[in-house]
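Colleague: take this sequence and fold it.
(2 chains)
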Amino acid sequence: MTTATTPVVRAEGERRRAGSIAWHAGALLVLAVVLYPVIWVVGASFKPSKDIIASLDLLPTEPVWANFSGLADGISGISIGSFFWNSLVYAVLAVIGVVLSSSLTAYAFAKIRFAGRNLLFTLMIGTLLLPYHVLLIPQYVLFRNLELTDTLVPLVAGKFLATEAFFVFLMVQFMRGLPRELDEAAKLDGCGHLRTYWSIVLPLSRPAIITSAIFTFINAWNDFMGPLIYLNTPEKYTVSLGLMMFRDQEGISNYGSMIAMSLVALVPVIAFFMAFQRYLIDGMATSGLKG
Amino acid sequence: MTLVKEAPVRPAGKRSAPPAAGRRGRRRENLAGYLFMSPWLAGFLLLTAGPMIASLYYAFTSYNLFTPPKWVGLDNFTTMFQDPRWQKSVEVTLKYVVVATPLKLLLALGVALLLAQKRRGQGLYRAAFYMPSLIGASVSVGFVWRALFSDDAIVDRTQKVFGLDVGGWIGNPDYVLYALVALSIWQFGAPMVIFLAGLKQVPQELYEAAEVDGAGPLRRFWNITLPMISPVLFFNVLLESIHAFQVFGSAYVVSDTRCGPADATLVYTCYLYQKGFKEAQMGFASAMAWTLVIAVALVTAVLFWSQKKWVHYEEAAK
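Modeller: Below is the predicted model of the structure:
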């Protein structure tokens, strides 16, 4: 390298370096715009309320903790922790439901040859495109007649009944890719379907299951319309509804605490994302190619 | 990305039957199949098929939850088509779909092309661009958006530098919808990742051959990249436009909870929510829901029909 580099090679190297700099400049520019709102909310949560909108600085000149300590008072007698606990219970139940029901269903579609499989699979895929709103009202009427509104049941029932077709589809595609020799060998060894599902297919499908679990957790945590329609008692509110309540009660006067709580509400999602982004991104990419 | 390569779609039910599968074996397989999928089957009947039939029935009734539904024939639909707020919601939704979807996909494709080049830190960029797709749906981000686009906040002040004074997008009926559009575009990460996966599947030999033939970058993009990723493009267009038709949370949170000002962000589902859950007009709301289903089905059908003209499927691809 140090000795005779011909002018052609040097020119090529320089061109490549210039290309690399241009590339990073472009990528960083997009990155700055994309991450601006995220950094802004972190900075704003340490600003005094009056500065949040008016100040153009991304970060506070003198950071204050008042916004966060203000959260300890809760909203009209309900502690912030209550909202977080409710969201956590909802999200964990949703994850358990989706993983169990979707993997069982996916196993049937991927590994068992039964009459009517193709028709049912088509129906399942069809529900992917169905606007949820057409089910909203009759489902509400159903759960209302069963006197289950203002509980978590309407929010998680669908998760235990594999209604989230996206995850079933993701797992089916994954299970179909597993070597068929494995479950054929298991069958020769006398394993029934339950055994094959539990000891062979389920452990091997871990990537698809983790993807579904994380997506489900984040979706449940972010869910707004479900809780808005089904939950009426503030004590049962999830974080999304707690935030809305905060806004309605405190309004513009306590902007700081509202932004602080927004940030705290985002923490679980961002933490999950950072820990599992590989799975999430690969899961998303896979779904697109199979469409 | 290993998932993509190792899981070719196998046409279901085309495998040769295992040797021992007699009639009894087949019956046992049927039973096992239905047992395993019983959660989905129950969910499909109770929470999808049943409700669909019920909402079809409600669409022809007057129903306020407290008294039994009363059959009114096509009344809901005729009232709906003449309702100025319904017309407004259709207009707002179409505007949102038509503006947000192409812009979002354009940005997603542009960034995907950028990230498809092998550079240091690629994975980091990819992850950072994807994040808004996950947090964008939360009420928290709705608040942040409200703050960023309100009067005298960052967007407003930047505009003033260019001599455009609109007093914040949130309170301005002419602009507030575009704050929602911006929020949608900001979540370009999900389609971007799908584009990236598609770009990785394009055989490099094609580019090398084209380069030997003297094709420039623009020509290579137009004649190789675009046709090769057209199935992925189709998938993204389909998914994103269907999602855009159903936008709710951001319209509810970012503008105010009435989807105003002046109904400027009264997206379809927001009006449906108001009619159903605020005014307890379940029949009318069901008629609205079915109209949405028909609209989405039409868009899907048109897209599927159009794909013959522009989506390139490689026959030989395994």
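Colleague: okay, now the unreliable bits of the chain?
Modeller: With no chain named, the answer covers chain A. Counting by pLDDT under 70, chain A has low-confidence residues at A:1-8, A:250-253, A:288-291.
Colleague: um, chain B though
Modeller: Going by pLDDT under 70, which is the cut-off in play, chain B has low-confidence ranges at B:1-21, B:314-318.
Colleague: is the longest helix belonging to chain B anywhere near chain A?
Modeller: Using DSSP state H to define each element, chain B has its longest helix at helix B:84-116. Yes - remark: helix B:84-116 sits within contact range of chain A at B:Val111, B:Leu114, B:Leu115, by Cβ under 8 Å from any Cβ of the partner chain. Any C-beta I mention is one placed from the backbone N, CA and C, and that applies to glycine too.
Colleague: quick check: buried residues in that helix?
Modeller: Residues of helix B:84-116 classed as buried by neighbour count (16 or more other Cβ atoms under 10 Å in any protein chain shown): B:86, B:89-90, B:92-93, B:96-97, B:99-101, B:104-105, B:107-109, B:111-116.
Colleague: ditto for stretch B:268-281
Modeller: The neighbour-count check on stretch B:268-281 (16+ other Cβ under 10 Å) flags B:Tyr268, B:Thr269, B:Cys270, B:Tyr271, B:Leu272, B:Tyr273, B:Gln274, B:Lys275, B:Gly276, B:Phe277, B:Gln281 as buried.
Colleague: ditto for stretch A:168-183
Modeller: Residues of stretch A:168-183 classed as buried: A:Val168, A:Phe169, A:Leu170, A:Met171, A:Val172, A:Gln173, A:Phe174, A:Met175, A:Arg176, A:Gly177, A:Leu178, A:Asp183 (neighbour count, 16+ other Cβ under 10 Å).
Colleague: how about stretch A:268-286?
Modeller: Applying a neighbour-count criterion of 16+ other Cβ under 10 Å, one finds A:268-269, A:272-273, A:276-277, A:279-286 buried in stretch A:268-286.
Colleague: which helix of chain A spans the most residues?
Modeller: For chain A, the helix with the greatest residue count under DSSP H is helix A:7-44.
Colleague: picking up where we left off before, dump the buried residues of stretch A:168-183 to TSV, plus distance to A:Tyr255.
Modeller: Below are the buried residues of stretch A:168-183 laid out as TSV (distance: Cβ to Cβ, whole Å):
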residue	distance to A:Tyr255
A:Val168	43
A:Phe169	42
A:Leu170	40
A:Met171	44
A:Val172	47
A:Gln173	46
A:Phe174	45
A:Met175	49
A:Arg176	51
A:Gly177	50
A:Leu178	52
A:Asp183	58
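Colleague: and chain B, which of these contact it?
Modeller: Residues shared between the buried residues of stretch A:168-183 and the neighbourhood of chain B are A:Val168, A:Gln173, A:Phe174, A:Arg176, A:Gly177 [Cβ under 8 Å from any Cβ].
Colleague: which of the residues you listed sits closest to chain B?
Modeller: When those are compared for distance to chain B (Cβ to the nearest Cβ), A:Gly177 wins out at 2.8 Å.
Colleague: how distant is the longest helix of chain B from the center of its chain?
Modeller: Using Cα atoms, centre = their mean, to the nearest Å, the mean C-alpha position of helix B:84-116 is found 10 Å from that of the whole chain.
Colleague: for stretch B:73-80, same thing?
Modeller: Relative to the mean C-alpha coordinate of its chain, stretch B:73-80 is positioned 28 Å out (Cα atoms, centre = their mean).
Colleague: what residues does it touch?
Modeller: B:Ala59, B:Phe60, B:Thr61, B:Ser62, B:Trp86, B:Gly283, B:Phe284, B:Ser286, B:Ala287, B:Met288, B:Thr291 (Cβ atoms under 8 Å, 6 or more residues apart in numbering or on different chains).
Colleague: next one: stretch A:188-208
Modeller: Stretch A:188-208 is touched from outside by A:103-104, A:106-107, A:110-112, A:170-171, A:173-175, A:178, A:182-183, A:186-187, A:209, A:279, A:282-283, B:3, B:32, B:36, with contacts defined as Cβ under 8 Å, 6+ apart.
Colleague: can you pull up the most central residue in the chain?
Modeller: Let's take chain A. In chain A, the C-alpha nearest the mean C-alpha coordinate belongs to A:Ile218, at 2.8 Å (Cα atoms, centre = their mean).
Colleague: hmm, no, I was thinking of chain B.
Modeller: Looking at chain B with Cα atoms, centre = their mean, the centroid-closest residue comes out as B:His243, 2.3 Å off.
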